[in-house]
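Peer 1: pasting a predicted model and its sequence here:
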Amino acid sequence: MASKGKPSPRSAVAPLSNARVAELAQRHHLVDPMHDFPTGHDRKANVAEINAQNPKATKRLLTGVDVVFRASCKTRAWGLEHVPEDGPFITAASHVTMFDVFVPMASLFHMGRRPRYMAKAEMAKWPVIGKWFQLVGMQPVQRHSGKAKQIEETSIDILTSGRPLTVWPEGTVTRDPKKWVMSTKEGAAFIALEASRRLGYEIPLFCAATWGAASINHWWPWPRKNVVMHYGPQLDYSDLLADMDSWGDEPPAEAVDALNWRIFRQLNRQLEEIRGERFPEAGYWDYRTMSRKPLPAEK
């Protein structure tokens, strides 16, 4: 048991305070993303997309997620008006806990879209809910399988077919001790560039940063904690597509690397805004070495 006045391991991450949420509410229009059309009912749902993705199972899962979130936390978001009503787009989301993955997922469902989403294959084996995940658009990722190319190709096909895609670029929950987005894998950047090349235009790419869920004790979540997501504006990478007609079989490594770091920086900028804190001056947390490294020069 932790000594008096010291946080236990479960509560090592301080909750997002009511005062901080009030500050955010003064600067942004915060909405509850766990309700249909949180930005207003003038929005049109993508009915064809909804009907194509197991509507009954999706509704049941979404209802369950809503109930859990309303019971365990006070969820707020801003920026969801950026979500397109139709056509393909990519959401690159932060991943602090296993709980926060549901925030962008449920939010986009409530906005009338049905993205497919990349998730580790182990989730498909979870009791009961694993089957639901598969029914509502999960694209299983066999980590360490050596099939990265096949995964990327499947993701590109999702986008070129007109469907949205959600990815967690870190590949797993962050290992950064301070809970910032750690080093990201290049898959999301590669997929965005190659799918854009095949379609002939820049596929909209948005970053979704969520903060607050790491402070929730899932055995006893009360009192309810604050969870806030910022769904950012479209990330511009048009300059990296300027010579896409001259690419060989795949996007240049330099372009993939540049977009990967743009996604990383944007996610952490959005986390800075929610948390009211600065990203560590010492740099980012590198997953391979499990150490902090200086950020490369911004491109």
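Peer 2: Structure's in. What do you need?
Peer 1: biggest helix in the protein, by residue count?
Peer 2: helix 253-275 (DSSP state H).
Peer 1: other SSEs contacting it?
Peer 2: The contact analysis (3 or more C-beta pairs under 8 Å, 6 or more residues apart in numbering; DSSP states H and E) places helix 253-275 against helix 18-27, helix 187-199, strand 205-211, strand 225-231. Every residue, glycine included, has its C-beta placed from N, CA and C.
Peer 1: out of these, which is closest to residue 179?
Peer 2: Among the helices and strands packed on helix 253-275, the nearest to residue 179 by C-beta to C-beta is strand 205-211 (8.1 Å).
Peer 1: could you list the paired strands of that closest one along with their orientation?
Peer 2: Neighbouring strands of strand 205-211 in its sheet, by DSSP bridges, are strand 90-93 (parallel), strand 225-231 (antiparallel).
Peer 1: which residues sit against the shortest one?
Peer 2: Translated: strand 90-93. For strand 90-93, the external contacting residues (C-beta atoms under 8 Å, 6 or more residues apart in numbering) are 101, 104, 108, 115, 159, 164-169, 188, 191-192, 203-210, 231, 263, 267.
Peer 1: that older thread, how about a markdown table for the helices and strands packed on helix 253-275, with mean neighbour count, mean pLDDT and distance to residue 55 added?
Peer 2: Output for the helices and strands packed on helix 253-275, formatted as a markdown table (neighbours: other C-beta atoms under 10 Å; pLDDT from 0 to 100; distance: least, C-beta to C-beta, whole Å):
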| stretch | mean neighbour count | mean pLDDT | distance to residue 55 |
| --- | --- | --- | --- |
| helix 18-27 | 12 | 98 | 33 |
| helix 187-199 | 23 | 95 | 26 |
| strand 205-211 | 27 | 98 | 24 |
| strand 225-231 | 25 | 97 | 24 |
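Peer 1: adding distance to residue 85, write those out as TSV.
Peer 2: Formatted as TSV, those follow (distance: least, C-beta to C-beta, whole Å):
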stretch	distance to residue 85
helix 18-27	26
helix 187-199	18
strand 205-211	14
strand 225-231	14
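Peer 1: out of these, nearest to residue 76?
Peer 2: strand 225-231 (5.0 Å).
Peer 1: picking that back up, ok, then the element right after the longest helix of the chain?
Peer 2: Counting by DSSP states H and E, the next helix or strand C-terminal to helix 253-275 is strand 284-286.
Peer 1: how near is the nearest residue to residue 180 once chain neighbours are set aside to residue 236?
Peer 2: Ranked by C-beta to C-beta, 6 or more residues apart in numbering and with sequence neighbours excluded, the top spatial neighbour of residue 180 is residue 268, at 5.7 Å. Separation of residue 268 from residue 236 (C-beta to C-beta, to the nearest Å): 17 Å.
Peer 1: out of those two, which sits in the more crowded spot?
Peer 2: Taking neighbours as other C-beta atoms under 10 Å, residue 268 and residue 236 compare with residue 268 leading, 23 against 10.
Peer 1: just the element for residue 118, please.
Peer 2: Judged by DSSP H and E, residue 118 forms part of strand 116-120.
Peer 1: average pLDDT for that strand, rounded please.
Peer 2: For strand 116-120, mean pLDDT is 74.
Peer 1: residue 35 should be in a helix, yeah?
Peer 2: No: assigned with DSSP: H, G, I helix; E, B strand; the rest coil, residue 35 falls outside any helix and is coil.
Peer 1: tell me the contacts of it?
Peer 2: Residue 35 touches 66, 110, counting by C-beta under 8 Å, 6+ apart.
Peer 1: pLDDT at it, what is it?
Peer 2: pLDDT for residue 35: 94.
Peer 1: against residue 158, how distant is it?
Peer 2: Taking C-beta to C-beta, one finds residue 35 at 27 Å from residue 158.
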